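Asks: Here is a sequence with its predicted model. Questions after.
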Amino acid sequence: MNTFLLPDLGEGLTEAEIVRWLVKVGDVVTVDAPVAEVETAKSIVELPSPYAGVVEELHGDPGTTIPVGKPLITIGAVSPSADAQPAAPAGNSRQDEGARSEVAGEAYRQEERAGSGSVLVGYGTGAGTGSGRRRKPRPHLQPARSSVTSAKVPAPAALTKAAPDAGSARRVPLVISPLVRRIARDAEVDLKTLTGSGPDGLIVRRDVEQAIAQRFEQTPTPQVEDVSSQTGLPELRRIPMSGFRKVVAATLTRSRAEIPEATTWVDVDATALIELRESLRSAKDSGPGLLALMARFTVAGLQRYPELNGFVDTEREELVQYDGINLGLAAQTDRGLVVPAVANAHTMTTRALDGEIRRLTESARTGRLTPYELGCGTFTLNNYGSFGVDGSAAIINHPQVAILGVGRIIDRPWVVDGQIAIRKLTQLSLVFDHRVCDGGTAAAFLRFVADAFENPASAFADL
């Protein structure tokens, strides 16, 4: 008998929440067969079994939070009788399950479009901006995996008798969207108590919001003990910090405490950059996106000024510069702000950068970013202009040493050849660690990127 302990899923992560089990007690699993889907503070991942055998115990129901190093699943030896598995009864059950999967999958896509908002800064969630890759179907809506089989298969007669009660016997609520799970978790709504109004009993966003509204209608007026002693005002509610929010808070606090940061900025005429973006479009090819063009010039600037692409080794009192660039892209998702990185961005063309950015967009939206993608960045590009703001004094993503922000691009009066003209203007702001360089180096990097924005054709000729 072997007990699989929850492994360390990434730097700084101490716990994970069970989203759903992919096996049940009595199932026979092979080595590396997925047994559970868990949600960490950073992403949703499948956990493969390190052991082969029969599932004897699941240490927690869906929604349970398990600390790293604690038991997740217990797997025993396969009995001789379990080696021969009876064949599944013939029929259209696979077709029926495929039809239900398609219906639920469409409901999931509609749910995500309704509530995800702007996912990766610089890109929306419309159909025209996707990566073109098909979303991987959710495991619990797929036919059973070949590597996971039931140790006890009932006879066809028993299956027929049990079919009407299969829905009521399901202990795990049918929830597909990570957005719905997050809303329910933040509001402390037990999904097991809800009846889904979506296809095949799918629990959708309106079901959770309706449960929240009904609960607040029944909530009494705050009592005296709920009044703040400092302000004299009653507390509306208290919301526990999620694991994700705890990690973000710790990272930002450490950045502010350790990094002596400075900020420099410049207004940029991005008219030529917009024109270049439009010129790359065609009827058959949408061309690289605007964020990909910005990323390409940022990478070129870091290659020229590598001081901003490194970290400070405080223990050895050394300034370290990386031989390569993993470009982080600040991404606002329904779970909060994440910064996935394009690995080896310095080796990519603008078109390749665009494809990788779109892939990360989809992964960020569905919560499928890997710990490596979330932690390998060496410099961050933040296009906060998509939120309709001009500038920001951003916080450096520790242990990186700089972050470049791009404001919104809007029409403004600008002097061109002595004449006032309407141009597409934006603002670039660079926040940098003053320990790694002085203001001259930071200003030179910022000016290089700004010049590339203003004269992109000339910049491309030198790349």
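Replies: Yep, that arrived.

Asks: Asn309: neighbour count?
Replies: 26 (other C-beta atoms under 10 Å). Every residue, glycine included, has its C-beta placed from N, CA and C.

Asks: Next up, the contacts around it.
Replies: Residues near Asn309 by C-beta atoms under 8 Å, 6 or more residues apart in numbering: Leu302, Gln321, Tyr322, Ile325, Thr378, Phe379, Val401, Ala402.

Asks: So Gly60 is in contact with Ile66, correct?
Replies: Yes. Assessed by C-beta atoms under 8 Å, Gly60 is found in contact with Ile66 at 5.6 Å.

Asks: So for these two, which residues contact both of them?
Replies: Common contacts of Gly60 and Ile66, defined by C-beta under 8 Å, 6+ apart, comprise Ile18, Leu72.

Asks: could I get the contacts of Asn309 as a markdown table with neighbour count and secondary structure?
Replies: Formatted as a markdown table, the contacts of Asn309 follow (neighbours: other C-beta atoms under 10 Å; DSSP: H, G, I helix; E, B strand; the rest coil):
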| residue | neighbour count | secondary structure |
| --- | --- | --- |
| Leu302 | 27 | helix |
| Gln321 | 14 | strand |
| Tyr322 | 14 | coil |
| Ile325 | 25 | coil |
| Thr378 | 26 | coil |
| Phe379 | 25 | strand |
| Val401 | 27 | coil |
| Ala402 | 27 | strand |
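
Asks: tell me which of those is nearest to Val28?
Replies: For these, the residue nearest Val28 by C-beta to C-beta is Thr378; the value is 44.4 Å.

Asks: And the pLDDT for the closest one?
Replies: pLDDT, Thr378: 97.

Asks: longest strand anywhere in the protein?
Replies: Secondary structure of the chain per DSSP state E: the longest strand is strand 419-433.

Asks: Would you give the sheet partners of it, along with the direction of each?
Replies: strand 261-269 (antiparallel), strand 402-406 (antiparallel), strand 410-416 (antiparallel) (DSSP bridges).

Asks: Report the distance from that strand to the chain centre.
Replies: How far strand 419-433 lies from its chain's middle: 30 Å, per C-alpha atoms, centre = their mean, to the nearest Å.

Asks: same deal with stretch 198-211?
Replies: From the chain centre to the centre of stretch 198-211 is a distance of 23 Å (C-alpha atoms, centre = their mean).

Asks: If you count neighbours, what's buried in it?
Replies: Gly198, Pro199, Leu202, Ile203, Val204, Arg205, Asp207, Val208, Ala211 (16 or more other C-beta atoms under 10 Å).

Asks: And the second one, how close does it get to Ala211?
Replies: What that stands for is Pro199. To Ala211, Pro199 is 19 Å away according to C-beta to C-beta, to the nearest Å.

Asks: Which of the strands paired with strand 419-433 sits closest to Asn383?
Replies: Shortest distance between Asn383 and the strands paired with strand 419-433, using C-beta to C-beta, is found for strand 402-406: 4.7 Å.

Asks: Closest one of the buried residues of stretch 198-211 to Ser363?
Replies: Nearest to Ser363, judged by C-beta to C-beta, of these is Arg205 at 21.4 Å.

Asks: Just want to check the distance between that closest one and Gln332.
Replies: On the measure of C-beta to C-beta, Arg205 and Gln332 end up 18 Å apart.

Asks: rewinding a little: please identify which two of the buried residues of stretch 198-211 are farthest apart in space.
Replies: Spatial extent of the buried residues of stretch 198-211 (C-beta to C-beta) is set by the pair Pro199 and Ala211 at 19.1 Å.

Asks: what about Arg423, neighbour count?
Replies: 20.

Asks: Is Arg335 in contact with Arg185, as I believe?
Replies: No. Here Arg335 does not reach Arg185: they are 10.4 Å apart, not a contact under C-beta under 8 Å.

Asks: Next, give phi and psi for Ser197.
Replies: Dihedral angles phi and psi of Ser197 (degrees, to the nearest 10) take the values phi -100, psi 0.

Asks: again, but for Leu337
Replies: The phi/psi pair for Leu337 (degrees, to the nearest 10) is phi -80, psi 130.

Asks: the more surrounded of Arg335 and Arg185?
Replies: Neighbours of Arg335 and Arg185, each counted by other C-beta under 10 Å, are more numerous for Arg335; the result is 21 against 16.

Asks: Let's see the pLDDT reported for the more buried one.
Replies: At Arg335, pLDDT is 72.

Asks: when you give positions from now on, start the count at 395
Replies: Done: numbering now begins at 395, and the last item shifts to Arg729.

Asks: how close does Val800 get to Ala853?
Replies: Distance from Val800 to Ala853, by C-beta to C-beta: 16 Å.

Asks: These two: which is more packed in?
Replies: More crowded of Val800 and Ala853, by other C-beta under 10 Å: Val800, with 27 against 22.
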